[in-house]
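Visitor: Sequence unavailable; structure follows:
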């Protein structure tokens, strides 16, 4: 039996735009599973991009993801797209983020405060 999950959260602040998202209930399209192959990622992100491009809140979603250094596909952008635009994500311990080569301006990683 399929189960639909509905949120009872009411946004009245900076995330109010999330009420009108086109991606609701499609988490697996916007976040990579562990061990995802590059070819599969390209297909998944193409589906996500199609959904985002038709979304009425594309711009606030993109702005939020850039400002919050989010992982996943947000506002029509992957982590690599955001890095190319000058907005890097924070890397989790033990992982290496993929950054694109090309026209994007490289963003230097944060420096550790270890003495």
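Guide: That came through, no problem. Here the structure is a predicted model, which is why all the values come from computation and not from measurement.
Visitor: and residue 66, that's in a strand?
Guide: No: Residue 66: not assigned to a strand; according to DSSP: H, G, I helix; E, B strand; the rest coil it is helix.
Visitor: Give me the local confidence score for it.
Guide: Turning to residue 66, the model gives it a pLDDT of 89.
Visitor: Next, the spatially closest residue to it that is not a sequence neighbour: secondary structure please.
Guide: Excluding the flanking residues, the one nearest residue 66 by Cβ to Cβ, 6 or more residues apart in numbering is residue 87, at 4.1 Å. In this view, the C-beta of every residue, glycine as well, is placed from N, C-alpha and C. Secondary structure state of residue 87, per three-state DSSP, is coil.
Visitor: Can you tell me how far residue 87 is from residue 55?
Guide: Applying Cβ to Cβ, to the nearest Å, the value for residue 87 to residue 55 is 19 Å.
Visitor: For the residue nearest to residue 66, report the pLDDT, please.
Guide: So, for residue 87, pLDDT stands at 85.
Visitor: For burial, what's the neighbour tally of it?
Guide: Residue 87 has 19 neighbouring residues, counting by other Cβ atoms under 10 Å.
Visitor: Does it touch residue 68 like I think?
Guide: No: counting by Cβ atoms under 8 Å, residue 87 sits too far from residue 68 to count as a contact (9.6 Å).
Visitor: Do a quick rundown of the helices in this protein.
Guide: 27-30, 38-53, 58-68, 79-84 (DSSP state H).
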